[in-house]
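In: Next one to model:
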Amino acid sequence: MELEVKDSNGNLLKDGDSVTLIKDLKVRGSSAVLKRGTKVKNIRLTDDPEEVEGKIEGSMMVLKACFLKKA
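Out: Just a heads-up that it's a prediction; the model follows:
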């Protein structure tokens, strides 16, 4: 069975999609904040249906799908 990962609007996400943050997010273990509207290209799905991986500013981050919108 294939894992279904959905964004905040209910759209299905797949490997390689581009997404946009819908809310400012604090980065755990850092003082950095990811701003709303930041585009994340070429995401990768994880084993968790609520999370995706993406590269932001050169760093690989795990993001909650509920804070993303398919671009």
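
In: how close does Ser18 get to Lys26?
Out: Distance, Ser18 to Lys26, using Cβ to Cβ, to the nearest Å: 22 Å. All C-beta spots, glycine's among them, are computed from the backbone N, C-alpha and C.

In: Next: Lys70.
Out: Counting by Cβ to Cβ, the gap from Lys70 to Lys26 is 23 Å.

In: go on, Gly37?
Out: Counting by Cβ to Cβ, the gap from Gly37 to Lys26 is 16 Å.

In: circling back to that earlier point, settle it for me: which of Ser18 and Lys26 has more neighbours?
Out: Legend: neighbour count by other Cβ atoms under 10 Å for Ser18 and Lys26, higher for Ser18 (14 against 10).

In: Quickly find the element holding the nearest residue to Asp24 once chain neighbours are set aside.
Out: Nearest non-adjacent residue to Asp24, counting by Cβ to Cβ, 6 or more residues apart in numbering: Arg36, 5.2 Å away. Per DSSP states H and E: Arg36 is located in neither a helix nor a strand.

In: tell me the contacts of Arg36?
Out: Leu21, Ile22, Lys23, Asp24 (Cβ atoms under 8 Å, 6 or more residues apart in numbering).

In: ok, the last one - how many residues close by?
Out: Right, the one you point to is Asp24. Counted with other Cβ under 10 Å, residues neighbouring Asp24 total 12.

In: just checking, Glu50 touches Lys64?
Out: Yes: Glu50 lies in contact with Lys64 (Cβ atoms under 8 Å); the separation is 6.0 Å.

In: Now do the same for the most centrally placed residue in the chain: its pLDDT.
Out: Closest to where the C-alpha atoms of the chain average out (Cα atoms, centre = their mean) is Leu63, at 4.2 Å. Leu63 is assigned a predicted lDDT (pLDDT) of 97.
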